[in-house]
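Asks: quick one, structure for this:
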Amino acid sequence: MIETVYVMTPGISIKQDGGLLVLEQNHEVLRQLPMANVNNLVVGRTVQISTQVMFSLVEQGSLIQFVNHKYELMGILGDEHTSLRKLLWQVNHFTNPDFAIMASRYIVFRKVKAQLAILDQYNKTRHIPNYESIRHTMQALVKRVDRTKTVDALRGIEGLASRTYFSVWHAILSEPWTFPGRKRHPSTDPVNALLSYGYSFLEREVRAYLVSTGLDVRIGVLHSTNDRKDSLVYDVMDLLRQEIIDRFILKVFNRRMMNLDNFDISERGCFLARDSNKGWVKTYEHYMTHAATRLAGVTPRQWIQQEIQYFISFLKDIGHDPVQEPEVKEFL
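Replies: I've put the predicted structure just below:
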């Protein structure tokens, strides 16, 4: 399986021994894995990485992403695999209003349906207040997607659906957790903080795989491309947020896998405590690399790659152009 490897612990050195990637600390080997298996290496600022490792990973087409202690992306090293033919195809089609509306409908329809599926599941045991009204609103928004004629209008549907969806999260969380509605920049509470944190991890998963397909992540359809560096990343994330991150975050809180001591709360906002990062990464990686029944027996990371390939196939179909990309089987 192609791996995403997070290395954030201070004092770790990343070296190469033949075809192996070696993680060391105080001259003790912590982990070894085949270099060829590493598709995406995420490195913190206090980690040392050799030039040999960087050269070998870039040479084999892997991506190295540099993040700060908050896991905010600071920079990327690696070949984006974008050919001129693919770039011209993407620009010509993604900027075509008819193509953009069809692709955006695909994204918004899938996102709202995924939100509704989560609410349906939790209502069976939590009995969400006024749920029939909430469900009626969500279903009406789903039906409106196919009739909507502009991308701006689809953004409005997506925004209303998300506000409706998050408006009842307080009812599907177990005590002592509360949820005041979706708040960010900064987050005001642990649930919002971990949601934003989880989405930042999903962003790196999506970015790394999109780069391997040769599509330019700056050019999207639903999210504005005005001076953004990652519009397509956010487009694709909207296909995956609920199934991959929201379900995971709800599990973490409802099963009490975290407590208030794992967060720093002040006037600046709420953030995952620095000494809780290592535990979070371990929990996240365990989740991402273990098969899930609800995902038809594949891991969440494999499911992400599979869903991106489905989306690319849809784009090819409506664009009437056989753009080549890696076969999904090599990632499963």
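
Asks: secondary structure element for the residue nearest the centre of the chain?
Replies: In the chain, the centroid-proximal residue (Cα atoms, centre = their mean) is residue 202; its distance is 2.0 Å. For residue 202, the element it lies in under DSSP states H and E is helix 190-213.

Asks: just to revisit the earlier point, now the residue nearest to the centre of the chain: how far from residue 300?
Replies: Noted for residue 202: a distance of 10 Å to residue 300, by Cβ to Cβ, to the nearest Å. For the C-beta atoms, the positions are set from N, CA and C on the backbone; glycine is no exception.

Asks: residue 316 too?
Replies: 25 Å.

Asks: what does residue 181 give?
Replies: Distance from residue 181 to residue 300, by Cβ to Cβ: 26 Å.

Asks: then residue 95?
Replies: 32 Å.

Asks: quick one: which of these two has more around it?
Replies: Set residue 95 next to residue 300 and count neighbours by other Cβ atoms under 10 Å: residue 300 wins out with 24 against 12.

Asks: just checking, that one touches residue 288?
Replies: Yes. Contact criterion Cβ atoms under 8 Å: residue 300 and residue 288 qualify, at 4.9 Å.

Asks: send over the helix or strand where residue 66 lies as PDB, restricted to the C-alpha atoms.
Replies: Taking DSSP H and E as the definition, residue 66 sits inside strand 63-67. What follows is strand 63-67, C-alpha atoms only, in PDB (Å, rounded to 0.1, in the frame of the first residue of the first chain):
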ATOM      1  CA  LEU A  63       5.700  14.400  -2.300                       C
ATOM      2  CA  ILE A  64       7.300  16.000   0.800                       C
ATOM      3  CA  GLN A  65       5.100  18.400   2.700                       C
ATOM      4  CA  PHE A  66       6.600  20.600   5.400                       C
ATOM      5  CA  VAL A  67       4.300  21.700   8.200                       C
END
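
Asks: what helices or strands is that strand leaning on?
Replies: Counting contacts by 3 or more Cβ pairs under 8 Å, 6 or more residues apart in numbering; DSSP states H and E, strand 63-67 is packed against strand 38-44, helix 51-59, strand 73-77, helix 190-213.

Asks: all strands for the stretch 201-332 of the chain, in order.
Replies: Secondary structure of the stretch 201-332 of the chain (DSSP state E, counting those that start in this stretch): strands at 263-266, 269-272.

Asks: show me what the mean pLDDT comes to for the last one.
Replies: It refers to strand 269-272. Regarding strand 269-272, the rounded mean pLDDT is 94.

Asks: and for the first one?
Replies: Within the predicted structure, the mean pLDDT of strand 263-266 is 94.

Asks: again with stretch 39-57
Replies: Per-residue pLDDT over stretch 39-57 has a mean of 91.

Asks: quick one: end-to-end length of that stretch, please.
Replies: Using Cα to Cα, to the nearest Å, the end-to-end distance of stretch 39-57 comes to 8 Å.

Asks: and that stretch, how far out from the chain middle?
Replies: Centroid separation for stretch 39-57 versus its chain: 21 Å, with Cα atoms, centre = their mean, to the nearest Å.

Asks: pull out the buried positions in it.
Replies: By neighbour count with 16 or more other Cβ atoms under 10 Å, stretch 39-57 contains the buried residues 39, 40, 41, 42, 43, 44, 47, 49, 53, 54, 56, 57.

Asks: and what of stretch 89-109?
Replies: Buried residues in stretch 89-109, defined by neighbour count with 16+ other Cβ under 10 Å: 89-90, 93-94, 99-109.

Asks: please save the CA atoms from it in CSV.
Replies: Provided in CSV are the C-alpha atoms of stretch 89-109 (Å, rounded to 0.1, in the frame of the first residue of the first chain):
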residue,chain,number,x,y,z
TRP,A,89,-7.5,20.1,-21.0
GLN,A,90,-8.1,21.2,-17.4
VAL,A,91,-8.1,24.9,-18.1
ASN,A,92,-10.4,24.6,-21.2
HIS,A,93,-12.9,22.4,-19.4
PHE,A,94,-12.9,23.7,-15.8
THR,A,95,-13.4,27.3,-17.0
ASN,A,96,-16.3,26.2,-19.3
PRO,A,97,-19.6,27.1,-17.5
ASP,A,98,-21.4,24.0,-18.6
PHE,A,99,-18.6,21.7,-17.5
ALA,A,100,-18.2,23.5,-14.2
ILE,A,101,-21.9,23.3,-13.3
MET,A,102,-22.0,19.6,-13.9
ALA,A,103,-18.8,18.9,-11.9
SER,A,104,-20.0,21.2,-9.1
ARG,A,105,-23.4,19.4,-9.0
TYR,A,106,-21.6,16.1,-8.5
ILE,A,107,-19.7,17.5,-5.5
VAL,A,108,-22.6,19.3,-3.8
PHE,A,109,-25.0,16.4,-4.3
